[in-house]
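Participant: sequence isn't available, so here's the structure alone:
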C-alpha cells in the first residue's frame, strides 16, 4: 500500500484483493466479517479480568448492608434484580464490548474494507436475497440497529426489505452482544459465545431467504458497487468520529433504559408479581424446553436488548443448562426487535411492513428456539 503526501494510502481495486479470488476471497471476507465480534469478546474478557475485582470490591459491602432493608428501596438497590446486583455486570462486560466493537466497525467503514467484504460475499449473499453492498448496513447494525435501518435507504428497492429484516433479526447490536457475553460469563460458560454466533448467523441467513423477494435473488440483479473501491488508512479522527455516535448513544440511551428495566423488575419481584407472571408464562417456556425461571427475563429482554442481563440473576442462571442458556439468550435477542428499532422500521417502510416483519421475526425465532431446545433435550443436552 503506498502512501500519498497527506499520509493516507490506497490499495489495488477489489478484483486483486478479495473478489477476484473465487475461494480465498469469500473465505477471507467471512473471517473479516466475524472478526470484530470475536475481538470484542476477547477484549471484554481481558477488561473484565481487570475490572471485575475492582467493581466487586467497591459494590459488595454496600450491597450486603442494603440487602437486609425491608421495602421497595432495598429491593431496587440490592435485590436479585437490583442496581448494585445487576449494574456491575453492565459496566464490567457490556461497556468494554461496546467500545471495542464500535471502534472496529468504524475502522471497517472508514477504510473502505466493508465495501471489499461486500464485493467478495455478493455471490454467496445473492441466493438469500442480499447484495454485497448490503453488508455495510448489516455490519452497521452490530453497532446500533437504528442508524443501520436508516442507512438502508441506499439499498435497491428489491433488497431493502430483506436487509432491514436481516438487521432486525441478526445484527446483534453492541448492547445485545455485551449483555449476552455478561450472561455467559455469569454462568461461567463464556465458550457459548461461539455456538451463539454460529446459531445467530445460520438462522439469519435462513430467515432472510424466507422473507426476501424473488427479484432480489435473481442472477440478473447484479452488484451495484463502484468497481474501483479503494482502501484507505483510517485516521484516528475519522474512526473516532464514526464510533462516537454509537458509544454516545449507549451511555445516553442504553444505560438509563437498562437501569429503568432493573428498577421495574426489582419492584415486580418485591411485590410478588414476577412469581405470578412466571407461573402464567411457564407453559410458554415449556415450548422451548426452558424452566419457568427464564420466562420473565426472556420477555423483558425481548423488549429491550439490555434486558438480556436479567438472565444473569443467580437463581435463573443456576436453573439453566448450557443449551437452555443458549436458547434463552437467542430467543431474548431475536424474538422481537427492540422498541426503538421497530418504531424506526415503521417510519422508514410503513406500519404495515413493520407489523408484518415483527410477526414474521417472532414466529421464526420461536420456531428455531423450540427446535434447538427440544433437539438438545431429546439427546440429553
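Facilitator: Looks like it arrived, so ask away. Not measured: the values here are computed from a predicted model.

Participant: so what's residue 196 closest to, chain neighbours aside?
Facilitator: residue 326 (6.0 Å; Cβ to Cβ, 6 or more residues apart in numbering). Glycine gets a C-beta too; all of them are placed from N, C-alpha and C.

Participant: can you check residue 259 too?
Facilitator: Nearest to residue 259 is residue 83, by Cβ to Cβ, 6+ apart, at 6.2 Å.

Participant: quick one, helices of the stretch 251-381 of the chain?
Facilitator: 255-271, 273-286, 295-303, 314-318, 322-334, 339-349, 351-378 (DSSP state H, counting those that start in this stretch).

Participant: what comes up buried for the longest one?
Facilitator: Taking 16 or more other Cβ atoms under 10 Å as the basis for neighbour counts, the residues of helix 351-378 that come out buried are 354, 357-358, 360-362, 364-366, 368-370, 372-373, 376-377.

Participant: tell me the one of these nearest residue 162?
Facilitator: Among the buried residues of helix 351-378, residue 357 lies closest to residue 162 (Cβ to Cβ), at 10.4 Å.

Participant: excluding its backbone neighbours, what's nearest that closest one?
Facilitator: Using Cβ to Cβ, 6+ apart and skipping the chain neighbours, the partner closest in space to residue 357 is residue 165 (5.9 Å).

Participant: right, and residue 298 touches residue 316 too?
Facilitator: No: using Cβ atoms under 8 Å, residue 298 is not in contact with residue 316, being 9.4 Å away.

Participant: the more surrounded of the two?
Facilitator: residue 298 (27 against 24; other Cβ atoms under 10 Å).

Participant: quick check: the more buried one vs residue 355, distance?
Facilitator: 22 Å (Cβ to Cβ, to the nearest Å).

Participant: just to revisit the earlier point, dump the helices of the stretch 251-381 of the chain to TSV, plus mean pLDDT.
Facilitator: As requested, the helices of the stretch 251-381 of the chain are exported to TSV (pLDDT from 0 to 100):
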stretch	mean pLDDT
helix 255-271	80
helix 273-286	79
helix 295-303	72
helix 314-318	83
helix 322-334	93
helix 339-349	85
helix 351-378	94
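
Participant: as CSV, those with distance to residue 241 would be great.
Facilitator: Listed next are those as CSV, based on distance: least, Cβ to Cβ, whole Å:
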stretch, distance to residue 241
helix 255-271, 22
helix 273-286, 43
helix 295-303, 31
helix 314-318, 39
helix 322-334, 29
helix 339-349, 22
helix 351-378, 31
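
Participant: now residue 322. Nearest residue, chain neighbours left out?
Facilitator: residue 189 (5.6 Å).

Participant: neighbours of that neighbour, how many?
Facilitator: Number of residues near residue 189 (other Cβ under 10 Å) recorded here: 16.

Participant: secondary structure element holding residue 148?
Facilitator: Assigning secondary structure by DSSP states H and E places residue 148 in helix 145-151.

Participant: give me the buried positions along that helix.
Facilitator: So helix 145-151, judged by 16+ other Cβ under 10 Å, has buried residues 145, 146, 148, 149.

Participant: quick one: residues contacting the last one.
Facilitator: For residue 149, the residues meeting the contact criterion (Cβ atoms under 8 Å, 6 or more residues apart in numbering) are 141, 164, 167, 168, 341, 344, 345, 348.

Participant: ok, now which ones touch residue 294?
Facilitator: Residue 294 makes contacts with 285, 311, 316, 319, 320, 324, 328, as judged by Cβ under 8 Å, 6+ apart.

Participant: of these, closest to residue 111?
Facilitator: For the contacts of residue 294, the nearest to residue 111 is residue 311 (35.9 Å; Cβ to Cβ).
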